[in-house]
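# Need coordinates for the following:
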Amino acid sequence: MLIHELTATECRDVLSRATVARLACARGEQPYIVPVSFAYDRDGDALFGFSTVGKKVDWMRENPKVCVEVDDVADRFHWTTVVIVGRYEEIDDSDEARSSRRRAYELFSDRAEWWLPGAAKLSDQDRPNVVVYQIHIDSLTGRRAARPRRDD
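Residues are numbered from 1 along each chain as shown. Purely as a prediction, here's the structure:
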């Protein structure tokens, strides 16, 4: 199996095609990892996501340092992985955050039923408990694996 490092440009290309990732956060000595839906903003070099308020959001509010892993796996011999180290920032309804919030919704709306599964169980009165957030990318790395072709 051949494994090679991705360039930053190749990593960003993977992010632009992906919609699901694993987000890791930590509180004290305890890590926590969950799958999340996201949209990559190439212009701002950041990820946008949304979530109901719960453990993940509580922990990221306390400690904004996060790690995100994006995978594209065909099989165990053919895969691509990008790992991002970044910072969580909640996007509120303030005037200062309006352009970030608008950009997040533009990216989300490019997908059918973008609010699923994150807001699937919510009633209209629960909507204020949904937060939109941004992960600022501090660094990213990636690897790709492939099995060499055998010439007969």
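# by contact count, what packs against the least confident helix or strand in the chain by mean pLDDT?
Every helix and strand of the chain was ranked by mean pLDDT, DSSP states H and E. The lowest is helix 98-108, at a mean of 85. Using 3 or more CB pairs under 8 Å, 6 or more residues apart in numbering; DSSP states H and E, the elements in contact with helix 98-108 are strand 39-41, strand 46-52, strand 78-91, strand 130-146. Where C-beta positions appear, they are placed from N, C-alpha and C, glycine not excepted.
# Include distance to residue 21 when you put these into TSV, please.
TSV is the format used below for the helices and strands packed on helix 98-108 (distance: least, CB to CB, whole Å):
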stretch	distance to residue 21
strand 39-41	10
strand 46-52	8
strand 78-91	8
strand 130-146	9
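# By mean pLDDT, show me the worst of those strands.
Mean pLDDT values for the helices and strands packed on helix 98-108 show the minimum at strand 46-52, a mean of 91.
# What are the buried residues along the following helix or strand past that strand?
Once strand 46-52 ends, the next helix or strand along the chain (criterion: DSSP states H and E) is helix 55-62. With burial defined by 16 or more other CB atoms under 10 Å, the residues of helix 55-62 counted as buried are 56-57, 59-60.
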